[in-house]
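Need the 3D shape of this:
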Amino acid sequence: WNMGEFFILAKFQRKGIGTQVANQIWRMHPGLWEVSILPENKRALAFWRKIISSFTNGKYLEEMKDITFDVHQPKR
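Below is the predicted model of the structure:
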């Protein structure tokens, strides 16, 4: 499984909703998951590290990968 898109509106952030939703998704679809985050997005990185660690009781693999992006879409 891949968590490709995950967004909580700003007015609902920091209320535990994102954690609840992610946990529900993982319970509904058990198995191996991949969550991709741009390292520059510090808030998202902290959020995912915290909830993944909690959900897995610290049993997860974090891997940093360099990716090649489309030079014709530099803002992507």
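
Partner strands of the lowest-mean-pLDDT helix or strand in the chain, with direction?
Within the chain, confidence by mean pLDDT, DSSP states H and E is lowest for strand 2-3 among all helices and strands, at a mean of 92. Partners of strand 2-3 in the sheet, by DSSP bridges, are strand 34-35 (parallel).

hang on, the earlier thing: quick check: what element follows the least confident helix or strand of the chain along the chain?
helix 17-28 (DSSP states H and E).

what sits up against that next one?
3, 6, 8, 33, 47, 51, 54-55 (CB atoms under 8 Å, 6 or more residues apart in numbering). Every residue, glycine included, has its C-beta placed from N, CA and C.

Give the residue spans of this structure that score low on pLDDT.
74-76 (pLDDT under 70).

farthest residue from the center of it?
His72 (26.1 Å; CA atoms, centre = their mean).

Doesn't it lie inside a strand?
No - His72 is assigned coil when assessed by DSSP: H, G, I helix; E, B strand; the rest coil, not a strand.

ok, and for stretch 12-20, which residues are buried?
Across stretch 12-20, burial judged by 16 or more other CB atoms under 10 Å covers Gly18.

So that it lines up with my notes, have the first residue be 93 from now on.
Got it, the first residue is 93 from now on, which makes the last one we talked about stretch 104-112.

what about it, start to end distance?
Start and end residues of stretch 104-112 are separated by 12 Å (CA to CA, to the nearest Å).

How far does it sit from its chain's centre?
Between the centre of stretch 104-112 and the centre of its host chain there is 13 Å, according to CA atoms, centre = their mean, to the nearest Å.
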